[in-house]
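could you look at this predicted model? Sequence included:
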Amino acid sequence: MAERPDLRPRAKEVAALVKRIVEEVNKLSLEEQRRLLRERYSWVLERRRQPRGEEERQLPPLPGAEEGKVVTRFAPNPDFVIHLGNARPAILSYMYKEMYRGRMILRFEDTDPRTKTPLPEAYLLIRQDLEWLGVRWDREYVQSLRMETYYELAKRLIEAGGAYVDDRPGEEFRRYRGRLEEYPPRLRSIEENLELWERMLRGDYGEGEAVLRVKTDPKHPDPSVRDWVAFRIIDTVRHPHPVVADRYIVWPTYNFAAAVDDHLMGVTHILRAKEHMQNTVKQQFLYKYFGWEYPHVVHFGRLKLEDFIMSKSLLKSLIERGIGEGLDDPRFATIAGLRRRGITAEAIREVILSVGVKYTDASISFKNLAAINRSIVDEKAKRIMAVFNPVKMIVDGLPKGRLEVEIPYHPNGRLGSRRITVEGPRAELYIDGGDVGRTVKPGAIVRLMEAFNVEVVEAGPYLVKARFHSRELEEARRHSAAIIQWVPARDALAVELVKPEGLDLVRERGLVEAAARQLTTGEIIQFVRIGFARVDALEPDEKGEPRKLVAIYAHS
RNA sequence: GCCGCGGUAGUAUAGCCCGGCCAAGUAUGCGGGCCUUUCAAGCCCGUGACCCGGGUUCAAAUCCCGGCCGCGGCACCA
């Protein structure tokens, strides 16, 4: 019917016909049906074979977007670093800009030195996080450096009769809420407003003593829309701004600054979370007064990482109380925190792309993120042997002399290899405490991965004694031997694996093979049979030699 | 409370605008198997969803109405 709309008026006839034929076909045997299908209707089979939904995932088109003319923006408040939730508008803005070969703007919205005091280092950290995410922008603005522009626009707005100075206490305004038309400040002349505005700028008013309000619909169903505040006074002597200190006391609110900037900067498409929906309504009043055209807006729901604290203020207070190691604590869902625990930018981009632009909130589990990350990291991560809660194993009966094995860093062989040597006839090495008593028990044949097989003689909690059994892998297979990782005692390096678990950091201590000395900070590796981890530090001793490898666990 | 927006498997998403190629696709998770010098990866099989109720229609995940549930906003925050 979808293909032949011309048949629709005769749907009843068609339905009857279909029914008859289906009955007829059902009378045939399965073999008969197959044969007929192959001989007479092979095109049906052809079509079936085509996989569905295999096309590359793409973002839905942007409303009103023109190739080469799209301008998007990401406008963070530098009072904190960005987290996975903020990454959504950032990445989507960037992807759409790329999709339409447009431009992207990065704008720091730092117009509240009092309750959302900007963090001086955040300006840089946010840029770094964005760059790491692969987000590239074309122009950059800082709102606190654009105050003169806002003042000028405010004046124009007053001149257009779109705003008035309200020098009464806030309660007074609220009292008039139902009959705003009669609110005395609202009735002031343009001249009077201009004069009062000049006095605000001059510093005649203190905090809370005067605001500039935008004249909106006094009967708007949402009371917050009614004559919203465009400028207020902030005592910057007491609350200095990290960029402009106490140079200004009259500050635009978010709705004024953002609205004006979006137009001035030529933004054509605003991609933002749905908590801003009411703001669109408010800002449109300004656009009407100025005779501007409002950009296209795309709203989407929140993106949550399950079991992670996503709230900025909560994260902030945790850090202030000294819980956590800072903005990049691996327990936090900040971009820096995720990076530090081995989540790649590619994985984050993929999650955000897969979540797309829906109104509904999305809650991603870490397992899900990990699955995506694993597929990215798997082919690049060196396989390294490390043992935790190490137990010493003494192997006797080895062939005399040097036993040298060359082990590739990755089964695909593309990551190079390292050599590990063992000295016969008696070797000391360490195995993972978790294996002792399980697969490593008296009488068992165990293969030390990539090296040789041993027969366990004694398996105590602190010492395992074993006897060399054979070299060949086939021999291990014949005995269905467990294959375990191990570390030669001679030049083992201390390792600490930090596992973020909820709000805890569990530290597991162990030993890692000597090759770990060659790793670099930031590298993502896989501890064989344990999981993926990111090298956080190679701590040196007094002589500058690596003393300990610190890695943060990512996922299995 | 008022205003706005949503509701497809455990999770995320496709399909909804424009009703019939949808007895609903994909990814991940989960269960099982194969393969493998890792408990990773890979391969195969299985699992499981249109919030509820009415209506329109030959035909509803898709359109309409009602309900329920969830989210967001209601600042001199952004």
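Nice, thanks for sending it over.

now the stretch 401-550 of chain A against RNA strand B: closest residue?
For the stretch 401-550 of chain A, the residue positioned closest to RNA strand B under Cβ to the nearest atom of the strand is A:R529, at a distance of 3.1 Å. Every C-beta, even on glycine, is put in place using the N, C-alpha and C of the backbone.

any idea how many residues pack against the closest residue to that residue other than its chain neighbours?
Spatially, and ignoring its direct neighbours in sequence, A:R529 is nearest to A:Q485 (5.6 Å; Cβ to Cβ, 6 or more residues apart in numbering). A count of neighbours around A:Q485, defined by other Cβ atoms under 10 Å, yields 22.

thought A:Q485 was touching A:F388?
No - with contacts counted by Cβ atoms under 8 Å, A:Q485 stays clear of A:F388, the gap being 10.4 Å.

joint contacts of these two?
A shared contact of A:Q485 and A:F388, defined by Cβ atoms under 8 Å, 6 or more residues apart in numbering, is any residue touching both; here these are A:D432.

wasn't A:R8 part of a helix?
Yes - note on A:R8: a helix contains this position according to DSSP: H, G, I helix; E, B strand; the rest coil.

give the contact list for the spatially most central residue of chain A.
Within chain A, one residue has its C-alpha closest to the average C-alpha position: by Cα atoms, centre = their mean, that is A:L84, at 3.3 Å. For A:L84, the contacting residues are A:L303, A:L305, A:F308, A:M310, A:A333, A:T334, A:I335, A:L338, A:I348, A:V351, by Cβ under 8 Å, 6+ apart.

next: A:R107.
Residues in contact with A:R107 (Cβ under 8 Å, 6+ apart) are A:R73, A:F74, A:A75, A:E140, A:Y141, A:V142, A:Q143, A:D261, A:M265.

most neighbours of all these, which one?
The member of the contacts of A:R107 surrounded by the most neighbours (other Cβ under 10 Å) is A:R73, with 28 neighbours in all.

please enumerate the strands of the stretch 201-350 of chain A.
Under the criterion DSSP state E, counting those that start in this stretch, the stretch 201-350 of chain A carries strands at the ranges A:211-214, A:229-233, A:250-252, A:269-273, A:296-300, A:303-305.

and the host helix or strand of A:Q526, average pLDDT?
A:Q526 is part of strand A:524-527, with elements assigned from DSSP states H and E. Averaged across strand A:524-527, pLDDT comes to 98.

can I get the helix or strand just after that strand as CSV, trimmed to CA atoms?
The helix or strand immediately downstream of strand A:524-527 is strand A:531-540, counting by DSSP H and E. Output in CSV follows, covering the C-alpha atoms of strand A:531-540 (Å, rounded to 0.1, in the frame of the first residue of the first chain):
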residue,chain,number,x,y,z
GLY,A,531,41.0,-5.0,32.4
PHE,A,532,41.8,-1.7,30.7
ALA,A,533,43.4,1.1,32.6
ARG,A,534,45.0,4.4,31.9
VAL,A,535,48.6,5.2,33.0
ASP,A,536,48.2,8.1,35.5
ALA,A,537,51.8,8.4,36.6
LEU,A,538,55.1,6.7,36.6
GLU,A,539,56.4,7.8,39.9
PRO,A,540,60.2,8.2,40.0
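
can you check what angle separates the helix or strand following strand A:531-540 from strand A:531-540?
Of the helices and strands lying after strand A:531-540 in sequence (DSSP H and E), the nearest is strand A:546-555. Going by axes from the mean of the first three to the mean of the last three Cα atoms, to 10 degrees, strand A:546-555 is angled at 160 degrees with respect to strand A:531-540.

contacts for strand A:546-555, please.
So strand A:546-555 is in contact with A:330, A:340-343, A:366-367, A:370, A:373-374, A:377, A:493-500, A:512, A:516-517, A:519, A:524-525, A:527, A:531-541, going by Cβ under 8 Å, 6+ apart.

again, 6 Å this time
Under the criterion Cβ atoms under 6 Å, 6 or more residues apart in numbering, residues A:330, A:341-342, A:370, A:493-499, A:512, A:516-517, A:531-541 lie in contact with strand A:546-555.

just stretch A:210-230 next, same as before
Outside of stretch A:210-230, the residues that reach it under the criterion Cβ under 6 Å, 6+ apart are A:162-167, A:180-181, A:200, A:231-232, A:253, A:256, A:281-282, A:285.

so which bits of that stretch are buried?
Buried positions in stretch A:210-230, judged by neighbour count with 16 or more other Cβ atoms under 10 Å: A:210-216, A:218, A:220, A:225-230.

make TSV out of the contacts of A:L84 and add neighbour count.
Putting the contacts of A:L84 into TSV (neighbours: other Cβ atoms under 10 Å) gives the following:
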residue	neighbour count
A:L303	22
A:L305	21
A:F308	23
A:M310	18
A:A333	23
A:T334	29
A:I335	27
A:L338	27
A:I348	23
A:V351	22
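
pick out the most distant pair among those.
The largest separation in the contacts of A:L84, counting by Cβ to Cβ, is between A:T334 and A:V351 at 15.1 Å.

name the SS class of the residue lying closest to A:V243 once chain neighbours are set aside, please.
Taking Cβ to Cβ, 6+ apart, and ignoring the residues beside it in sequence, A:V243 has A:S144 as its nearest neighbour in space, at 4.6 Å. Under three-state DSSP, the three-state class of A:S144 is helix.

and the gap between A:S144 and A:R447?
64 Å (Cβ to Cβ, to the nearest Å).

next, the residue of the stretch 401-550 of chain A closest to RNA strand B: phi, psi?
As for A:R529, its main-chain torsions (degrees, to the nearest 10) stand at phi 70, psi 10.

can you report how many residues lie near it?
Neighbour tally, A:R529, other Cβ under 10 Å: 17.
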